[in-house]
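Asker: the sequence and its predicted three-dimensional model are supplied below.
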There are 2 protein chains.
Amino acid sequence: MISGMNGSSAAILVIGDEILSGKTAEVNAQMLIGELRDLGVALRRIVIISDDIDEVAIAVRELSARFDHVFTSGGVGPTHDDVTILGIARAFDRSVIRHTELQARLRAYFGANIDEARLRMADVPEGTQLIETPDLRWPVLACENVYILPGVPELFKRKFAAIRERFRVAPYFARAFYTLEDEFDIADRLREVATAHPQVAIGSYPNFSAPDYRVKLTLESKDGAAIQSASEALLALLDPAQIARVE
Amino acid sequence: MISGMNGSSAAILVIGDEILSGKTAEVNAQMLIGELRDLGVALRRIVIISDDIDEVAIAVRELSARFDHVFTSGGVGPTHDDVTILGIARAFDRSVIRHTELQARLRAYFGANIDEARLRMADVPEGTQLIETPDLRWPVLACENVYILPGVPELFKRKFAAIRERFRVAPYFARAFYTLEDEFDIADRLREVATAHPQVAIGSYPNFSAPDYRVKLTLESKDGAAIQSASEALLALLDPAQIARVE
């Protein structure tokens, strides 16, 4: 299990041919990136796969074992291309069962319109938990550490918003320096600072079209003192005349 | 090896903490999705990972073995967080060597400014091929079936454009039907058509906010006759009065 430094780790699994074929732009993972950052959760991987039971099973098994939380997007409707529930069940070697309580709620909701296609929405991997919140008519389904979210963006957003606070951990601290120095020329100095401050993630991003800087340097950590110390070390090594700005 | 139906398969591996932390929006994979579709290449997976040598090695080994082409984005600069070359070398159990020809070209280009940081740009996994094109000053690097592209979007785009035609295979045919019927009500009919037409990928996408339809049904195949046959079968099963439009 890979946990975030002083916190928790996460992966996002997007299931959908429509994303890989370019018919639909991916927005759910994009949205979740910012949400997880805000919550202090270290997002470690995003995987986008097709609507295939084995692909889902393999990905879920690996991500669930390696990270604290896994969020899936898509593949939970009633049609033949909705294979997320089957894939998750296969990942954990569990049966798919018709959940008694979900079934009762579907019958109450649909009344005379209930049929087999609608009842299939009560089919879940054995042992799935229902997470109830005041804001949602239907619970969020969780199987082990895998949170099963719908692909329709409005629903994905609403469901995640309802459960987001349960994932909050200590926040990240971040600094950014913009320099006019060339990335080649600062590479060795950066490496020195990075090696001396293992608790700080230091990134270097050249930009060939920005008018006012050449390289953006980012520092991130959950340890405020470490980031302050790394910032000072970096500032001492950079040419002060070439620093365009600091954030 | 998973190949696309009558064609070739691909995966995209994006390497970058800046994407997972939300500092930078992901645009390279987004762009490549459309390019690969246009080329007839079946994109089967997108993976986004952090700047970690082992993560790169594990992902490259798996993707390279399973798909025809792998495109990496990012992690190829001179700084400590650029680990793509090391990761690819580790994936294939190869040494990183300083490429003689690349080294000579770097020396010619940088002249008196050449130094160790700049010479590191000639370090590649042993056996790496240089793909030269008339449009590029520097070749695209390919190690086995892995094409190593830079993370800076302008460069990523330019480098892929220079090599794109080598990947072109037979095109996809696509149709789309928009219906006012409820997805629950057409699920069984859809499944019937999907089962009878295994060569056609049929997708069903509900939309709860569109004013003029409830479900978009998509058909895709490389077999024009198969898609025509599946379209006819689907039209025969859908309620014609509820079809909003056809594309």
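Answerer: Arrived safely, thanks for sending. Source: prediction; values computed, not measured.
Asker: buried ones in stretch A:118-131?
Answerer: For stretch A:118-131, the neighbour count (16 or more other C-beta atoms under 10 Å in any protein chain shown) marks A:118-125, A:128 as buried. From N, CA and C alone the C-beta is placed, and that goes for glycine too.
Asker: apologies, that question was intended for stretch A:173-183.
Answerer: A:173, A:175, A:177-179, A:181-183.
Asker: now it - C-alpha only, PDB.
Answerer: Output in PDB follows, covering the C-alpha atoms of stretch A:173-183 (Å, rounded to 0.1, in the frame of the first residue of the first chain):
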ATOM      1  CA  PHE A 173       1.700  23.500   1.300                       C
ATOM      2  CA  ALA A 174       2.900  24.800  -2.000                       C
ATOM      3  CA  ARG A 175       5.300  27.400  -3.300                       C
ATOM      4  CA  ALA A 176       6.300  28.300  -6.900                       C
ATOM      5  CA  PHE A 177       9.300  30.200  -8.300                       C
ATOM      6  CA  TYR A 178       9.400  31.600 -11.800                       C
ATOM      7  CA  THR A 179      12.900  32.100 -13.200                       C
ATOM      8  CA  LEU A 180      14.500  33.400 -16.400                       C
ATOM      9  CA  GLU A 181      17.400  31.000 -16.000                       C
ATOM     10  CA  ASP A 182      17.600  28.100 -18.500                       C
ATOM     11  CA  GLU A 183      16.500  24.700 -17.200                       C
END
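Asker: that one near chain B anywhere?
Answerer: Yes - Stretch A:173-183 is in contact with chain B by C-beta under 8 Å from any C-beta of the partner chain, via residue A:183.
Asker: can you give the distance of that stretch from its chain's centre?
Answerer: Mean-position distance between stretch A:173-183 and its chain equals 26 Å (C-alpha atoms, centre = their mean, to the nearest Å).
Asker: likewise for stretch A:23-35?
Answerer: 9 Å.
Asker: can you check stretch A:111-128 too?
Answerer: That offset, for stretch A:111-128, works out to 28 Å (C-alpha atoms, centre = their mean).
Asker: now do stretch A:148-163
Answerer: That offset, for stretch A:148-163, works out to 13 Å (C-alpha atoms, centre = their mean).
Asker: cool, and stretch A:124-139?
Answerer: 20 Å.
Asker: likewise for stretch A:209-221?
Answerer: 24 Å.
Asker: so for that stretch, what's the average pLDDT?
Answerer: For stretch A:209-221, mean pLDDT rounds to 94.
Asker: just the endpoints, please. Distance across it?
Answerer: 28 Å (C-alpha to C-alpha, to the nearest Å).
Asker: please point out which parts of that stretch sit buried.
Answerer: For stretch A:209-221, using 16+ other C-beta under 10 Å, the buried residues are A:213-221.
Asker: kindly report the domain assignment for chain A.
Answerer: Domain assignment for chain A, taken from automatic domain parsing, gives A:9-167, A:173-246.
Asker: for stretch A:54-71, output the C-alpha coordinates as CSV.
Answerer: The C-alpha trace of stretch A:54-71 is given here as CSV (Å, rounded to 0.1, in the frame of the first residue of the first chain):
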residue,chain,number,x,y,z
ASP,A,54,-11.5,-8.3,-17.4
GLU,A,55,-9.9,-4.9,-17.9
VAL,A,56,-12.0,-3.5,-15.0
ALA,A,57,-11.2,-6.5,-12.8
ILE,A,58,-7.4,-6.3,-13.4
ALA,A,59,-7.3,-2.6,-12.8
VAL,A,60,-9.5,-2.6,-9.7
ARG,A,61,-7.5,-5.4,-8.1
GLU,A,62,-4.2,-3.6,-8.6
LEU,A,63,-5.4,-0.1,-7.7
SER,A,64,-7.3,-1.3,-4.6
ALA,A,65,-4.2,-3.2,-3.3
ARG,A,66,-1.8,-0.3,-3.9
PHE,A,67,-3.8,2.8,-2.9
ASP,A,68,-5.9,3.8,0.1
HIS,A,69,-9.0,4.9,-2.0
VAL,A,70,-10.1,4.1,-5.5
PHE,A,71,-12.8,6.0,-7.3
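Asker: what about it, distance to the chain center?
Answerer: For stretch A:54-71, the distance to the chain centre is 12 Å (C-alpha atoms, centre = their mean).
Asker: ok, which stretches of chain A are strands?
Answerer: Secondary structure of chain A (DSSP state E): strands at A:9-15, A:42-49, A:69-73, A:96-98, A:123-125, A:129-131, A:140-143, A:146-149, A:173-179, A:201-206, A:215-221, A:243-246.
Asker: so who does residue A:90 touch?
Answerer: A:53-54, A:56-57 (C-beta atoms under 8 Å, 6 or more residues apart in numbering or on different chains).
Asker: now, those that are in helices?
Answerer: A:53-54, A:56-57 (DSSP state H).
Asker: which parts of chain A are helices?
Answerer: A:17-20, A:28-39, A:53-66, A:84-91, A:100-110, A:116-119, A:153-163, A:183-196, A:224-237.
Asker: Throw those into TSV and include distance to residue B:228 and mean pLDDT, thanks.
Answerer: Formatted as TSV, those follow (distance: least, C-beta to C-beta, whole Å; pLDDT from 0 to 100):
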stretch	distance to residue B:228	mean pLDDT
helix A:17-20	20	96
helix A:28-39	33	98
helix A:53-66	28	97
helix A:84-91	30	98
helix A:100-110	36	96
helix A:116-119	27	94
helix A:153-163	32	96
helix A:183-196	54	94
helix A:224-237	61	95
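Asker: of the ones you listed, which approaches residue B:48 most closely?
Answerer: helix A:28-39 (8.2 Å; C-beta to C-beta).
Asker: what helices and strands are in contact with the closest one?
Answerer: strand A:9-15, strand A:42-49, strand A:69-73, helix A:153-163 (3 or more C-beta pairs under 8 Å, 6 or more residues apart in numbering or on different chains; DSSP states H and E).
Asker: please name the residues that touch residue A:25.
Answerer: A:19, B:30.
Asker: what of the one 5 residues further on?
Answerer: Applying C-beta under 8 Å, 6+ apart to residue A:30 gives the contacts B:25-26.
Asker: same check, this time on residue A:160
Answerer: Contacts of residue A:160 (C-beta under 8 Å, 6+ apart): A:31-32, A:35, A:71, A:149.
Asker: hmm, back to that, need the max-distance pair from the buried residues of stretch A:209-221.
Answerer: The widest separation within the buried residues of stretch A:209-221 (C-beta to C-beta) is 24.3 Å, between A:214 and A:221.
Asker: residue A:15 contacts residue A:81, correct?
Answerer: No - taking contacts as C-beta atoms under 8 Å, residue A:15 lies outside contact range of residue A:81: 9.6 Å.
Asker: ok, those two, which is more surrounded?
Answerer: Neighbours per residue (other C-beta atoms under 10 Å in any protein chain shown) separate residue A:15 from residue A:81, with residue A:15 holding more: 27 against 23.
Asker: which pLDDT does the model give the more buried one?
Answerer: pLDDT, residue A:15: 98.
Asker: what do you get for residue A:135?
Answerer: The per-residue pLDDT reported for residue A:135 equals 84.
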